[in-house]
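Trainee: test case, fold it:
(one chain, ligands or ions: 2)
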Amino acid sequence: MDIRYATSPTEIPSLGTDALRGRFLVEDLFQPGEVSVTYSHHDRVVLVGAMPTDRPIGLVAPAELRAEHFLSRREIGIVNVGASGTVTVDGAAYELGHGACLYVGRGAEHVTFASSDTATPARFYGFSAPAHTTYPTTLVRAGEGNVRELGEQRTSNRRTLNQYIHADGVRSCQVVMGVTTLHEGSMWNTMPAHTHDRRMEAYLYFNLPEDARVLHLMGEPTESRHLVVANEQAVISPSWSVHSGVGTSAYSFVWAMAGENQSFDDMDHVQVTELR
Ligand SMILES: O=C(O)C(=O)C[C@H](O)C(=O)CO
Ligand SMILES: [Zn+2]
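Mentor: Ligands and ions are numbered 1, 2, ... in the order given. Coordinates of the predicted model:
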């Protein structure tokens, strides 16, 4: 398991490109036939990437969790960013098309991932957090969450945000999760930027052409840095960090949060003119 210890904002000025990428960027989530697991000490969130090929692959508890099953004390939100596939939870099969989201509650014992067609594998992205109780495992098809239209064409930030796991939708203990898709011709996400000191967040960029990149802004608003991010890479954003990006092409991203509260609109907004 890849372990990322927590970072203080006071460390940022001393970190070069490789150190920043090593702490905040998750580059190899999807490996054929494997489940990859990255543990962040920011709110003890775990990022999972599963890319089943010719046989199902299981979500197994890494030794560091000291748990019988991965979800013995955790919950997980899963979004399929690849071709269609199936997630099976204790014998119940859920079919996830591209962009669909499955919430799996605490206590599920056996979770496996399979692709519908081995030539075009599914790619399941999971965001897991500690959970105090069990909420029902629930599937949401792509686009069937709570939709918010954001931004404007003149500021190149028109985007459609879909909330899947949230306080007024699929219930969870901590995880808040959804997908945002940029409209053709728009490049900016989450600008004006924000932080939320009550929650960490992770973004997984997808549907970005292989030769395109997102310049992802991070850091405290007045001490910003950037990460150059490729398709299907994730960025860990501590609660003190802005998380915004501009692409060389349109793209989508899975955003997911955990921490003190589940209030999506509880944000500390940052004016564009305040950024440094
Ligand atoms: O496009 C956006 O703006 C977002 O998707 C914002 C994220 O949902 C977020 O950062 C929530 O805190
Ligand atoms: Zn946010």
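Trainee: bridged to the residue of the stretch 1-150 of the chain found nearest ligand 1, which residues?
Mentor: Across the stretch 1-150 of the chain, no residue is closer to ligand 1 than residue 150, which sits at 5.6 Å (CB to the nearest ligand atom). Where C-beta positions appear, they are placed from N, C-alpha and C, glycine not excepted. With DSSP bridges as the criterion, residue 150 is bridged to residue 159.
Trainee: doesn't residue 163 make contact with it?
Mentor: No: contact criterion CB atoms under 8 Å: residue 150 and residue 163 do not qualify, at 11.8 Å.
Trainee: the stretch 101-250 of the chain: strands as residue ranges?
Mentor: 101-104, 111-115, 124-130, 138-140, 146-150, 159-165, 176-182, 188-189, 194-195, 199-206, 214-220, 223-229, 234-237, 244-247 (DSSP state E, counting those that start in this stretch).
Trainee: quick one: contacts of the second one?
Mentor: Contacting residues not belonging to strand 111-115 are listed as 35, 50, 52-53, 55-59, 70-71, 76, 82-90, 104, 121-122, 124 [CB atoms under 8 Å, 6 or more residues apart in numbering].
Trainee: buried sites along it?
Mentor: 111-115 (16 or more other CB atoms under 10 Å).
Trainee: could you dump the strands of the stretch 101-250 of the chain to CSV with distance to residue 14 and mean pLDDT?
Mentor: Shown next, in CSV, are the strands of the stretch 101-250 of the chain (distance: least, CB to CB, whole Å; pLDDT from 0 to 100):
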stretch, distance to residue 14, mean pLDDT
strand 101-104, 38, 99
strand 111-115, 39, 98
strand 124-130, 29, 99
strand 138-140, 42, 98
strand 146-150, 35, 98
strand 159-165, 34, 98
strand 176-182, 32, 98
strand 188-189, 28, 98
strand 194-195, 21, 98
strand 199-206, 21, 98
strand 214-220, 12, 98
strand 223-229, 12, 98
strand 234-237, 18, 98
strand 244-247, 23, 98
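Trainee: with distance to residue 12 added, can I get the ones you listed in CSV?
Mentor: Below are the strands of the stretch 101-250 of the chain laid out as CSV (distance: least, CB to CB, whole Å):
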stretch, distance to residue 12
strand 101-104, 32
strand 111-115, 35
strand 124-130, 24
strand 138-140, 36
strand 146-150, 28
strand 159-165, 27
strand 176-182, 25
strand 188-189, 21
strand 194-195, 14
strand 199-206, 15
strand 214-220, 5
strand 223-229, 6
strand 234-237, 13
strand 244-247, 16
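Trainee: and the angle from the strand or helix carrying residue 37 to strand 199-206?
Mentor: Using DSSP states H and E, residue 37 sits in strand 35-40. Calculated by axes from the mean of the first three to the mean of the last three CA atoms, to 10 degrees, strand 35-40 forms an angle of 150 degrees with strand 199-206.
Trainee: paired strands for strand 35-40, with orientation please.
Mentor: In the sheet, strand 35-40 lines up with strand 2-4 (parallel), strand 45-50 (antiparallel) (DSSP bridges).
Trainee: quick one: contacts of the last one?
Mentor: Contacts of strand 45-50 with the rest of the structure, by CB under 8 Å, 6+ apart, involve 26, 28-31, 34-40, 57, 59, 74, 76, 78, 113, 123-129, 200, 202, 204, 234, 236, 258.
Trainee: can you turn the buried part of these into a ChimeraX selection?
Mentor: Buried residues among these (16+ other CB under 10 Å), as a ChimeraX selection:
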select :26,29,30,35,36,37,38,39,40,57,59,74,76,78,113,123,124,125,126,127,128,129,200,202,204,234,236,258
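Trainee: spell out which residues of this structure are next to ligand 1.
Mentor: By CB under 6 Å from any ligand atom, the residues of the chain that approach ligand 1 are 150, 159, 161, 180, 189-190, 196, 201, 243, 255, 257.
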